[in-house]
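**Q** no sequence on this one, just coordinates:
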């Protein structure tokens with residue numbers, strides 16, 4: 001009869017600080033990439049460094065999430081003495097809670113900690129809703145018809161008010177010394 005051997009895995013402590021620094025660097029790199037992509041997709045003209053000035057908060061958020069995930073994953077493994085699937089869950093809950101701070105309520109922080117905000121987006125329609133459709137809806141409710149504008153200003157007054165054209169011609173004549181009365 002052969003002897004049975006049992007293999008037990010020995011837990012090795014992890015350096016939580018060095019892992020947190022690595023996670024912070026990886027997270028800030030990912031945040032910089034996402035910030036650059038957001039900056040590229042803006043319609044207004046931007047400079048080379050505007051991925052830091054305009055959407056740079058994403059870099060800081062990525063660094064905080066990456067660093068806190070790695071630190072709490074390693075710290076919980078060291079405290080528990082076991083390297084199992086609970087440790088990444090604890091790290092993910094803390095990192096998700098950082099994402100939930102923007103909600104500014106404790107249920108929002110806890111909810112984002114355990115779901116990453118996925119449930120809120122799913123049930124409220126956020127993230128799925130088309131931004132173009134939202135903007136068109138806003139324009140449809142706030143746009144005025146040209147006829148309505150003429151009614152408000154009065155017929156023949158135009159946008160600048162009665163007598164604007166004559167005042168403009170007088171200012172130009174005074175400034176440039178040219179008679180603009182013949183020009184129509």
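**A** In hand now; what should we look at? All figures in this text were calculated on a predicted structure; none of them were measured in a lab.
**Q** and after the worst-scoring helix or strand of the chain on mean pLDDT, which helix or strand comes next?
**A** Taking mean pLDDT, DSSP states H and E as the measure, the chain has helix 118-124 as its least confident helix or strand, at a mean of 53. Downstream of helix 118-124, the next assigned helix or strand under DSSP states H and E is helix 131-142.
**Q** how far is that next one from where the chain is centred?
**A** Its chain's average C-alpha position is 20 Å from that of helix 131-142, according to C-alpha atoms, centre = their mean, to the nearest Å.
**Q** can you list the domain ranges for the protein.
**A** 16-124, 144-184 (automatic domain parsing).
**Q** mean confidence score for the last one?
**A** To tie it back to what came earlier, the one meant is domain 144-184. For domain 144-184, the mean per-residue pLDDT is 70.
**Q** so what pLDDT did the residue lying closest to residue 16 once chain neighbours are set aside get?
**A** Among residues not flanking residue 16 along the chain, residue 74 sits closest, at 3.9 Å (C-beta to C-beta, 6 or more residues apart in numbering). For the C-beta atoms, the positions are set from N, CA and C on the backbone; glycine is no exception. Note for residue 74: predicted pLDDT of 95.
**Q** if we can go back for a sec, out of the domains of the chain, which one sits most buried?
**A** Stretch with highest mean neighbour count among the domains of the chain: domain 16-124 (a mean of 16; mean count of other C-beta atoms under 10 Å).
**Q** How far off centre is it?
**A** With C-alpha atoms, centre = their mean, you get 12 Å for domain 16-124.
**Q** rewinding a little: what distance do you get for the residue nearest to residue 16 to residue 26?
**A** 14 Å (C-beta to C-beta, to the nearest Å).
**Q** Next: residue 40.
**A** Distance from residue 40 to residue 26, by C-beta to C-beta: 21 Å.
**Q** got a list of what residue 101 touches?
**A** residue 109 (C-beta atoms under 8 Å, 6 or more residues apart in numbering).
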